[in-house]
Structures are given as C-alpha cells and as structure tokens.
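# 3D model of this:
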Amino acid sequence: MQTTQRHPSPLARPALKDANGLRAPVLLPKAATGKPAPALATFMKILAPGMLTGALWTQAWLGVWGALLLAFAVLAGVIAVPRLVGETGKASSWAKRVSFGEKIWLNRLFLPVPATDSARITTLYLVFWMGGLIALLGGFLSSPILSLTGLAVAYAAQFVSFGKLIQLYQTMKDKTPLYRFWTAVPHNDNLPGKAVRSKHG
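Numbers count the residues shown, from 1 in each chain. Below you'll find the model as predicted:
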C-alpha cells in the first residue's frame with residue numbers, strides 16, 4: 001500500500017517568543033522573523049557617529065594605532081550594550097517604533113513595503129553613511145571642517161530616516177500578525193482579581 005508523505009507547512013514551524021514570553025505567529029520566512037533591535041539600539045545609533053569620530057581624533061595623543069583601537073572598542077560597545085541590556089521601556093516608545101520600522105524595511109524582500117517609502121529610506125541611509133564616512137575621515141585627518149560637516153549631514157539624514165521608519169511601521173503594522181505581535185502585552189489570567197470576577201461572572 002502506498003503511503004503519502006505530508007510536507008510540513010511553512011506556517012507549522014514552532015512559534016517565536018518575544019521578550020515577554022508570548023508565542024508569536026510565524027507567517028513570514030524564517031529570515032524575516034527575527035526580533036527587532038532593542039530600543040536602546042536606537043540611542044546607541046545616535047551616539048555612534050560622534051563617539052567614533054571623537055575616538056579617531058585622539059590620534060593626536062594616542063597615535064594612529066591607539067586611536068584605531070579606541071574606535072574599535074567604541075564600535076564593539078555600541079553593538080554589545082543593547083544586546084546585554086535587552087528591552088527597556090515601553091513598546092510604544094518612539095525609539096522602539098524606529099526599531100520596528102527598520103526591521104520592516106529589512107523584511108521588504110519577504111513582505112513588500114510601499115516603493116516610495118523604501119526608496120526614501122534607502123536614500124537616507126546612503127546619505128547617513130556618506131556623512132558618517134566624511135566625519136570619520138575628518139577625525140582621522142584631524143580636520144574640524146570635514147568632521148563637523150560629515151556629522152551634520154549624518155545626523156540630519158539619521159533623524160529624518162527615524163521619522164520615515166516610524167511612518168513605515170504605522171503603515172505596515174497590520175499587514176501581518178507578526179508585526180502586530182511585537183507590541184502585544186502579556187495578561188496574567190491567574191491574578192486574584194480576575195479569579196474573583198470569574199466566580200461572580
């Protein structure tokens with residue numbers, strides 16, 4: 001007798017859990033279901049251009065290699081601190097919504113976003129990186145003009161991109177259950193008050 005093999009549905013993968021321990025519905029490919037960055041990562045991204053530029057300026061006292069080592073240490077700290085601290089604050093905070101929007105933008109290959117929004121955010125990221133590289137070059141060359149100009153361009157592009165990312169999240173948050181789940185709040189059904197209400201209900 002011939003038996004038929006059942007192929008598991010892509011939706012049958014184990015559900016994800018968020019920081020609150022809730023199970024998330026997985027409706028996107030595995031590469032797209034990772035958690036958005038913690039809210040603290042947004043603040044570290046704001047500090048990063050100035051801190052890295054300042055680190056390279058220390059070559060006047062530490063030498064080139066000392067300044068480079070300090071810059072790498074700063075970069076490592078920017079990446080590590082949000083992961084070590086984890087989630088802080090409310091999921092509705094502007095910094096967290098920036099992270100939500102960035103994750104949605106990164107997921108655009110799996111779940112398309114409005115083409116206009118995608119093009120604007122991509123352009124802003126390119127401008128940010130261009131300004132950041134100019135600032136870093138200014139720090140390496142000890143040029144105040146390059147550093148200040150680069151930082152001004154980088155921060156202007158960064159803050160505009162934050163606004164666009166928040167708008168993107170507002171547009172896309174209801175397009176898939178996973179995005180709605182990011183702001184889910186756990187409810188404890190075992191609380192005494194709920195138990196009393198359930199008896200008298």
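# name the element residue 150 belongs to?
Using DSSP states H and E, residue 150 sits in helix 144-172.
# any idea how far that helix is from the chain center?
Relative to the centre of its chain, helix 144-172 is centred 14 Å away, using C-alpha atoms, centre = their mean, to the nearest Å.
# Which strands or helices does it pack on?
When contacts are defined as 3 or more C-beta pairs under 8 Å, 6 or more residues apart in numbering; DSSP states H and E, helix 144-172 sits against helix 39-57, helix 94-106, helix 115-141. Where you see a C-beta, it was placed from the backbone N, CA and C, and this is true even at glycine.
# Quick one: closest of those to residue 180.
Checking the helices and strands packed on helix 144-172 against residue 180 by C-beta to C-beta gives helix 94-106 as the closest, at 10.7 Å.
# Out of the helices and strands packed on helix 144-172, which one sits most buried?
Of the helices and strands packed on helix 144-172, the one with the most neighbours on average (mean count of other C-beta atoms under 10 Å) is helix 94-106, at a mean of 22.
# what sits up against that helix?
By C-beta atoms under 8 Å, 6 or more residues apart in numbering, the surrounding residues in contact with helix 94-106 are 32, 34-43, 89-90, 111, 113, 118, 121, 162, 164-170, 172-173, 179, 182.
# ok, now stretch 61-68?
If you take C-beta under 8 Å, 6+ apart as the criterion, stretch 61-68 is touched by 55-59, 70, 140.
# from the residues you listed, which two are the most distant?
The span of those, defined through C-beta to C-beta, is set by 70 and 140 at 12.3 Å.
# picking up where we left off before, next structured bit after the helix holding residue 150?
helix 177-181.
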